[in-house]
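My questions are about this predicted structure, shown below with the sequence.
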Amino acid sequence: MLLRFRAKNYLSLADTEEISLVASSLKGPECSLVPIPGTDLSALPSAIIYGANASGKTNFLKAFNFLKRAILQSHTRGNPEGGVPRVPFRLNPDHASDTTMLEAEFVVEGIRLQYGFECDDDAFTAEWLYAYPEGKRRRLFERTGNKVEFGSHFKGPKKILVDLMRPNSLFISTATQNDHEELSHIVGFFRRTRFSMNVAVAKELINNAFKEDQVDPRTIEFLKSIGTGITGFRQTDIEIPESVRMLTKEFVAIARKHMGESASMDDEHPDRSRDVAIEFAHSSISGEPCYFGLERESSGTRRLVLMMNIVFKALDEGNLVVIDELDASLHTFAAAQIMALFENPKINRKGAQLIATTHDTNLLSLSRLRRDQIWFCEKDDAGASHLFPLSDIKSRPTDNFEQGYLEGRYGAIPHASDLVTLFEARQ
């Protein structure tokens, strides 16, 4: 369960910006609120972020994804001499030498945790992990440079892990890659968090996703319910062309040359000659199923296939899902139905959460969202992004949020020039 995420000096996030999934005391529609251990507070099932194009919405999600990837991969996939692949705020030269900070507060196995790090271009300069059993803070570890100090409640090996840690790898990544039991449980939260950042979904991406996983039957039922015409699916065995196999082998060889032989690759078997492909069934006039390849399905349908498998797994396990541009290639009704799954306590029984960006203002009227679930992102005159919730703005639960947003009462809308004036100026 995610409680808060904050980021500073990453992409367009110049100063510290935070999103909170801790429910405020404001009144609003009932939804799947989950009690936060050790507190009198509850967590929200979802948060949706609005803002103009290039306002920084996606950058905030990218910052969270960078935190996840650093935790999971900095020890194994990073080049030992390659520094840290962060992207500081570039519109102010002073930020180039400042550190980037990322931090998350979350709950694992009933314990509230606070984890974060700071980094520059060369190394991770600071790292910390605190636990809050019964609401009282306990230091598990604090890192400054290459030195790590441990709290009395940290269990397991210490010195050997510090010796294995590189300047450009996180201690928590080093520990989990070396099977530290306690930290592996904590890192599991990030490992289970799933991102859907690809607006355009190629058929190869779907086929690859379902090599080991199965299409959830509920995904097919969802596709049926929104009128896609899909009635079923099948996986077929296909031959990989020789030219593709050769290119794959060359890519893997080059990647391993630069990343090392022990580097984990998405394609561990570049020599294989056969693969699997997904085909979806539609009912023919005779009533018999007629199968179509993914290239015949709409971009929205392809995206839903991947997205809904992630969503249903999250609902089953109580995981976090992060979706960029929820409305892209999707009808408003489909997007609203996805959000409704997280809002319904009868469906969302394990505290799954959704964070999504969108431009679809219809969701403000179709969805029963609380004011603390609606967030806005906008840039200031210096090009820095700022994030704030509707609950910070004077409003009432009975207000028409869609109308208020479109009228500019909450900010975070485009300030377009008068196009007529622009054309007249050219004449």
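Right, received. Where do you want to start?

Give me the domain ranges for this structure.
Following automatic domain parsing, one finds the domains of the chain at 2-193+319-406, 203-302.

Quick one: mean pLDDT over the first one.
Going back to what we said before, that points to domain 2-193+319-406. Averaged over domain 2-193+319-406, pLDDT sits at 93.

mind listing the strands for the stretch 51-200 of the chain?
100-108, 111-119, 124-132, 138-144, 147-150, 194-196 (DSSP state E, counting those that start in this stretch).

The closest residue in space to T76 that isn't next to it in sequence: how many residues sit nearby?
Using C-beta to C-beta, 6 or more residues apart in numbering and skipping the chain neighbours, the partner closest in space to T76 is Q177 (5.5 Å). Heads up, the C-betas are built off the backbone N, CA and C, glycines and all. Residues near Q177, counting by other C-beta atoms under 10 Å, number 19.

Pretty sure Q177 sits against H75.
Yes. With contacts counted by C-beta atoms under 8 Å, Q177 reaches H75, the gap being 4.7 Å.

you'd agree P389 is up against S20?
Yes. Under the criterion of C-beta under 8 Å, P389 makes contact with S20 at 7.4 Å.

Overlap in contacts, those two.
Overlap of the contact sets of P389 and S20 (by C-beta atoms under 8 Å, 6 or more residues apart in numbering) consists of D372.

most neighbours per residue, which of the domains of the chain?
domain 2-193+319-406 (a mean of 18; mean count of other C-beta atoms under 10 Å).

chain center to that domain: distance?
Put simply, domain 2-193+319-406 sits 8 Å off its chain's centre (C-alpha atoms, centre = their mean, to the nearest Å).

ends of that domain, how far apart?
Across domain 2-193+319-406, the terminal residues are separated by 30 Å (C-alpha to C-alpha, to the nearest Å).

now stretch 87-104
With C-alpha to C-alpha, one end of stretch 87-104 sits 19 Å from the other.

bridging residues for F195?
Listed beta-bridge partners, F195: V322 (assigned using DSSP bridges).

how close does it sit to G110?
25 Å (C-beta to C-beta, to the nearest Å).

cool, and K147?
Using C-beta to C-beta, K147 is found at 31 Å from G110.

Isn't T176 up against F189?
No. Look at T176 against F189 with C-beta under 8 Å: they stay out of range, at 11.6 Å.

tell me the SS of N309?
Here N309 is recorded as helix under DSSP: H, G, I helix; E, B strand; the rest coil.

count of neighbours near it?
Going by other C-beta under 10 Å, the residues that sit close to N309 add up to 20.

Hmm, it is touching I220, no?
No. Judged on C-beta under 8 Å, N309 makes no contact with I220 at a distance of 10.4 Å.

wait, what's in contact with the residue nearest to D121 when sequence neighbours are not counted?
Excluding the flanking residues, the one nearest D121 by C-beta to C-beta, 6+ apart is G83, at 5.3 Å. Going by C-beta under 8 Å, 6+ apart, G83 touches D121, D122, A123, N168.

Kindly recompute the last result at 6 Å.
G83 is in contact with D121, D122, N168, counting by C-beta atoms under 6 Å, 6 or more residues apart in numbering.

What is the nearest of those to G28?
Of all the contacts of G83, G28 sits closest to D121, with 43.2 Å by C-beta to C-beta.

The closest one and T16: what is the separation?
D121 sits 20 Å away from T16, going by C-beta to C-beta.

Equivalent analysis for F124, please.
Counting by C-beta to C-beta, the gap from F124 to T16 is 18 Å.

Can you lay out the domains of the chain as JSON lines showing distance to A412?
As requested, the domains of the chain are exported to JSON lines (distance: least, C-beta to C-beta, whole Å):
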{"stretch": "domain 2-193+319-406", "distance to A412": "4"}
{"stretch": "domain 203-302", "distance to A412": "25"}
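
would you list the strands of the stretch 51-200 of the chain in a markdown table and tack on distance to I413?
Below are these laid out as a markdown table (distance: least, C-beta to C-beta, whole Å):
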| stretch | distance to I413 |
| --- | --- |
| strand 100-108 | 28 |
| strand 111-119 | 32 |
| strand 124-132 | 37 |
| strand 138-144 | 42 |
| strand 147-150 | 46 |
| strand 194-196 | 25 |
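
what about D316, which SS state?
helix.

how far does stretch 46-65 stretch from start to finish?
Stretch 46-65 has an end-to-end distance of 17 Å (C-alpha to C-alpha).

repeat for stretch 167-182
Using C-alpha to C-alpha, the end-to-end distance of stretch 167-182 comes out at 22 Å.

same deal with stretch 276-289?
In stretch 276-289, first residue to last residue: 20 Å (C-alpha to C-alpha).

For I49, list the residues it contacts.
The contact partners of I49, taken as C-beta under 6 Å, 6+ apart, are K57, T357, W375, C377.

no wait, V108
Counting by C-beta under 6 Å, 6+ apart, V108 has contacts I186, F189.

measure it to P37 for me?
Distance of V108 to P37, given as C-beta to C-beta: 10 Å.

Also I111?
Distance check for I111 against P37: by C-beta to C-beta, it reads 7 Å.

now F233
Here F233 is placed at a distance of 40 Å from P37 (C-beta to C-beta).
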